[in-house]
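Participant: Build me a model:
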Amino acid sequence: MNKKTALLIVDVQFAMFCDENNKLHEEERVLNNIYTLLEKARETKTPVIFIQHTEDGGEYKKGTKTWEIHPKIAPIEGESVIEKHTWDSFHQTSLHETLQKEGIDELVIVGMQTEFCLDTTCRRAFSMGYKNTLVKDAHSTFDSEDLKAYEIINHHNRVLGGRFVQLKYLEHIDF
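Facilitator: Got it, this is the predicted structure:
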C-alpha cells in the first residue's frame, strides 16, 4: 500500500465489550488483530483515524466509560478521533475533509459492528471514491435473533467483497 492509505478504526469502544451475556464473536482475537494492525500502522507512520459513536444518552453518551475507545487500542497524540452520530462514519462528520486534507484515497477498515456501522461506512466510502480494504478477521458483531454472528460476518464479507471493498486477512495487510 502506498502513503495515501489510512487505517480507519470504527467504533471499537468499551461498550462493545461490557455485556458478559452478549459477547462479540471472537472478541479477543478480533481486538488483538486490530491492535496488531494499529501497531503496524504506527510503525510505518500510516495515518490512523478512530471513529467514535456518540449518542445523547445510554452507553454511547459522551464522557461515559462505555463511550471510550477500548484502552488496548487507545489513540495516541497525532491520531484523529472523529465522533459520529449515525451508522455512517461520513454523515455530518469531518471524516471526508480529514482524509482529503491528508491526501488519503485508500482505507483499511476494521471495527464494529459488522452489519451496522462497518457495512454503512464501507459502502459510503466506496460511493465517495475511496479504495477500500476490509480486514476479514478484524471486524465483529453479536448474535442476532435470526443469525449467529459468524453468519452475519460471512454474509457481509461476501456482499461487500469485490463490490465495495477488497477483502484481506490481517497477515496480508502491509502499510
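
Participant: Which residue ranges of the chain form helices?
Facilitator: 27-43, 95-101, 119-127, 149-160 (DSSP state H).

Participant: Out of those, which is the most enclosed?
Facilitator: Among the helices of the chain, helix 119-127 has the highest mean neighbour count (mean count of other CB atoms under 10 Å), at a mean of 20. Glycine gets a C-beta too; all of them are placed from N, C-alpha and C.

Participant: For that helix, give the mean pLDDT please.
Facilitator: Taken as a whole, helix 119-127 has a mean pLDDT of 98.

Participant: for stretch 54-74, same thing?
Facilitator: 96.

Participant: if we can go back for a sec, out of the helices of the chain, which is closest to residue 169?
Facilitator: helix 27-43 (9.0 Å; CB to CB).

Participant: Quick one: work out the angle between that closest one and helix 149-160.
Facilitator: Orientation check (axes from the mean of the first three to the mean of the last three CA atoms, to 10 degrees): helix 27-43 against helix 149-160 gives 40 degrees.

Participant: Now stretch 112-121 - C-alpha only, PDB.
Facilitator: Output of stretch 112-121 as PDB, limited to C-alpha atoms (Å, rounded to 0.1, in the frame of the first residue of the first chain):
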ATOM      1  CA  MET A 112     -17.600  -2.900  15.000                       C
ATOM      2  CA  GLN A 113     -20.400  -3.700  14.300                       C
ATOM      3  CA  THR A 114     -20.300  -5.600  11.000                       C
ATOM      4  CA  GLU A 115     -23.900  -5.200   9.900                       C
ATOM      5  CA  PHE A 116     -24.300  -1.600  11.000                       C
ATOM      6  CA  CYS A 117     -21.600   1.000  11.200                       C
ATOM      7  CA  LEU A 118     -18.900  -1.100   9.400                       C
ATOM      8  CA  ASP A 119     -21.200  -2.000   6.500                       C
ATOM      9  CA  THR A 120     -22.600   1.500   6.100                       C
ATOM     10  CA  THR A 121     -19.100   3.100   6.300                       C
END
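
Participant: What residues of it count as buried?
Facilitator: By 16 or more other CB atoms under 10 Å, the buried positions in stretch 112-121 come out as 112-121.
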